[in-house]
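> Below is the sequence, then the predicted model.
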Amino acid sequence: MNLPKLSRADYSALIRLGLPVLVTQLGIIVVSFADTMMVGAYGVDELAAAAFVNSLFVIPTVMQIGFAQGLPSNIKKVQTTENTAD
């Protein structure tokens, strides 16, 4: 398998693109940890309920992420079709 050689500029661009995603994910982890600590102080049943509700919120979030990732390719397909129809 021939992998392309990446230069220092390529790695720099990748880090600049990925850094906001990394910061966002770390923020989500910190907030989730803080929520767990606060709810855990109330008791086991409350912590279980919070974990259950958090798992329910993951489902629409993942669906929205999938929609957002699939949307640009569909937009480009429509733009290409409109440009070739002219």
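That came through fine. Numbering: from 1, shown residues only.
> quick check: mean pLDDT across stretch 9-27?
Averaged across stretch 9-27, the pLDDT comes to 88.
> who touches it?
Under the criterion Cβ atoms under 8 Å, 6 or more residues apart in numbering, residues L6 lie in contact with stretch 9-27. To be clear about C-beta, it is placed using only N, CA and C from the backbone, and glycine gets the same treatment.
> Give me the distance between V31 and T81.
42 Å (Cβ to Cβ, to the nearest Å).
> Can you name the element that comes right after the host helix or strand of I28?
Element membership of I28, judged by DSSP states H and E, is helix 8-40. Note on helix 8-40: by DSSP H and E, the next helix or strand toward the C-terminus is helix 44-85.
> That following helix packs against which elements?
helix 8-40 (3 or more Cβ pairs under 8 Å, 6 or more residues apart in numbering; DSSP states H and E).
> Give the buried residues for the helix it packs on.
V39 (16 or more other Cβ atoms under 10 Å).
> can you pull the pLDDT of the residue positioned nearest the centre of the chain?
Nearest to the mean C-alpha position of the chain, by Cα atoms, centre = their mean, lies I65 at 6.4 Å. On pLDDT, I65 comes in at 83.
> got it, and the one 5 residues further on?
With respect to pLDDT, G70 scores 83.
> and if you look at the one 10 residues further on?
T80 is assigned a predicted lDDT (pLDDT) of 85.
> now do the one 3 residues further on
We have a pLDDT of 72 for N83.
> now it: how far from Q25?
Taking Cβ to Cβ, one finds N83 at 37 Å from Q25.
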